[in-house]
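In: Quick one, structure for this:
(one chain, ligands or ions: 1)
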Amino acid sequence: MNGGDIPVFHPFSPETASISHLFILVLIVCGVILAIVVGMIGYGLIFFRHKPDSADPAPHFGNRKLEIIWTVGPILIIVCLFTLTVRGMRESDPAANRQPDLIVIGHQWWWEVRYPQTGVVTANEIHIPVGRKWLVHLESADVIHDFWVQALARKMQMIPGQTNHIWLEADAPGTYDGTCAEYCGAGHSWMRFSVIAESPAAFDAWLREQENTAAMPATDSAQTGLKIFQTMTCINCHSIRGISVAASAAPYLTHVADRTILGAGVLSNTETNLFRWLKNPQDFKPGCFMPNLKLTDAQAGALTSYLETLK
Ligand SMILES: [Cu+2]
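Out: Model prediction:
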């Protein structure tokens, strides 16, 4: 999706299309009413101005015809909008009738993404197959967050201790921007994510890749990196499948090199940026829960070569 699109006018799923249609219709109805009101005021101002020597006009009391029109008219408009709103709500939120295809858990300030059918866990980048309606469960690990992919689905809060759901679907392949839409602390503005919709075949291939455990590094520098990863505190927070199983305190790194963003969108995932992030995450995302571990350039370099092998 390109940055200039306003998602409400350019929906990419049946769910957002229904929201978009309702919005445009309400906009037109309100626009017509505004034009009538402004038009009548303008007409009155121009044609019924007070002239210096004219007498005050005779007052009118009661006008049954007009009163019926301005009572029945708005009632009809409201009934129509109400009916269309209920229809829009149904279309944008069909009943959740099965196990979730995806579980997304909001953390300060990143997104944990779980595929319950396979056990794959990743972060900040959500892959989905195009044209499939996916039921997503939304949870929170700490405070209230809000999951919002403007072009694909309505907004939904993630509330600690409660599971909400949303339907996620994309009509066309592409990368769709998502963001946290509920202020959740210092790192909120960098709590972004992407939804990558791809053909079902490409999606299946991606998911199979993700199921693999991390490959053992081949080069010296990457092997040193792995040792540092295991001996420094990294493994207390981060999991790498086959290497360390930590609590979900931090993004899974099993296939971190496969992702395009770091720190929930604060940096693009290049080798240089990864190195800079490891040297001091606080430079990029002040307040985030990865501390500055005061790594030397050599340590950060070795860790970078190791993490780059995690495709
Ligand atoms: Cu937030």
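
In: Compute the distance between residue 281 and residue 294, please.
Out: 12 Å (Cβ to Cβ, to the nearest Å). In short, each C-beta sits where N, CA and C put it, glycine included.

In: Next: residue 26.
Out: Between residue 26 and residue 294 the computed distance is 55 Å (Cβ to Cβ).

In: just residue 85 next, same as before
Out: Distance, residue 85 to residue 294, using Cβ to Cβ: 56 Å.

In: So which of those two has more stuff around it?
Out: Remark: of residue 85 and residue 294, residue 85 carries more neighbours, 13 against 8, as counted by other Cβ atoms under 10 Å.

In: host element of the more buried one?
Out: Assigned by DSSP states H and E, residue 85 belongs to helix 64-92.

In: Give me the residues contacting the very next helix or strand once past that helix.
Out: For helix 64-92, the following helix or strand on the C-terminal side (DSSP H and E) is strand 102-107. The set of residues that contact strand 102-107 without belonging to it, under Cβ atoms under 8 Å, 6 or more residues apart in numbering, is 111-116, 126, 128, 134-142, 145, 147, 158, 168, 180, 184, 191, 248.

In: which of the residues you listed come close to the ion?
Out: With the criterion set as Cβ under 5 Å from the ion, the members of the contacts of strand 102-107 near the ion are 145, 180, 184, 191.

In: Looking at those residues, which is nearest residue 214?
Out: Closest approach to residue 214 among these (Cβ to Cβ): residue 191, at 26.0 Å.

In: Can you give me the buried ones in stretch 177-197?
Out: Within stretch 177-197, the residues that count as buried by 16 or more other Cβ atoms under 10 Å are 177-182, 184, 187-188, 190-197.

In: One more: stretch 26-41?
Out: Quick answer for stretch 26-41: no buried residues (16+ other Cβ under 10 Å).

In: Quick check: nearest residue in space to the residue in the stretch 1-150 of the chain positioned nearest to the ion, chain neighbours excluded?
Out: For the stretch 1-150 of the chain and the ion, the shortest gap (Cβ to the ion) falls at residue 145, measuring 5.0 Å. Spatial nearest neighbour of residue 145, excluding adjacent residues (Cβ to Cβ, 6 or more residues apart in numbering): residue 106 at 3.3 Å.

In: Quick check: beta-bridge partners of that neighbour?
Out: Under DSSP bridges, the beta-bridge partners of residue 106 are residue 111, residue 140.

In: Let me know the pLDDT of it.
Out: If you check residue 106, the pLDDT there is 97.

In: isn't residue 154 right next to residue 92, touching?
Out: Yes. Taking Cβ atoms under 8 Å as the definition, residue 154 is a contact partner of residue 92 at 5.3 Å.

In: okay, and the common contacts of those two?
Out: Contact with both residue 154 and residue 92 is made by residues 15-16, 19, according to Cβ under 8 Å, 6+ apart.
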